[in-house]
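[1] sequence and computational prediction follow.
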Amino acid sequence: MKKIEAFIRHEAFEEIRNQLDSMGIPSMSLSEVKGSGRQKGYTETYRGAKSTIFLRPKLKLEIVVNDEDVDRTIDTIMTHAHTGEPGDGKIFVYDVEEAIRVRTGERGPVVLETHEEES
């Protein structure tokens with residue numbers, strides 16, 4: 001199993017989420033974050049005072065997938081997050097040693113499977 005951590009622009013999220021869901025990868029965590037990269041800060045003026053903003057708003061998308069789903073998950077993120085401009089984001093991939101479903105105590109890749117709706 002791998003954890004994919006992607007820092008993306010806000011406007012890219014819905015298309016990424018929709019495509020991953022259609023591929024059977026609906027589970028993810030999303031956080032609003034701020035960060036700086038290679039791009040320079042930008043200057044804003046508020047009530048006559050100028051300030052340089054170095055931290056830009058991004059979304060942090062965290063997804064744990066089986067090894068065989070890593071490439072297509074990354075491809076989906078790249079397809080929808082890439083604009084060719086500075087600030088498109090970054091993707092990191094980590095090994096996941098263990099996954100445990102708290103509700104049932106199940107362990108391993110089975111916790112990544114979607115469950116059928118219970119009636």
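    Everything's here; your move.
[2] centre of the chain versus stretch 22-31, how much separation?
    9 Å (Cα atoms, centre = their mean, to the nearest Å).
[3] over to stretch 6-14?
    With Cα atoms, centre = their mean, you get 7 Å for stretch 6-14.
[4] what's the longest helix along the chain packed up against?
    Criterion DSSP state H: the longest helix present in the chain is helix 70-81. For helix 70-81, the elements it packs on are strand 2-8, helix 13-22, strand 56-65, strand 90-95, judged by 3 or more Cβ pairs under 8 Å, 6 or more residues apart in numbering; DSSP states H and E. Where you see a C-beta, it was placed from the backbone N, CA and C, and this is true even at glycine.
[5] buried set for the first one?
    Buried residues in strand 2-8, defined by neighbour count with 16 or more other Cβ atoms under 10 Å: 2, 4, 6-8.
[6] which SS class is residue 103?
    Recorded secondary structure, residue 103: coil (DSSP: H, G, I helix; E, B strand; the rest coil).
[7] measure it to residue 111 for me?
    Taking Cβ to Cβ, to the nearest Å as the measure, residue 103 falls 10 Å from residue 111.
[8] list the buried residues of stretch 78-92.
    For stretch 78-92, a neighbour-count test (16+ other Cβ under 10 Å) marks 80-81, 89 as buried.
[9] let me have those residues in TSV, extended by pLDDT and distance to residue 57.
    Output for the buried residues of stretch 78-92, formatted as TSV (pLDDT from 0 to 100; distance: Cβ to Cβ, whole Å):
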residue	pLDDT	distance to residue 57
80	97	18
81	97	14
89	92	12
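[10] no further queries at this time; thank you.
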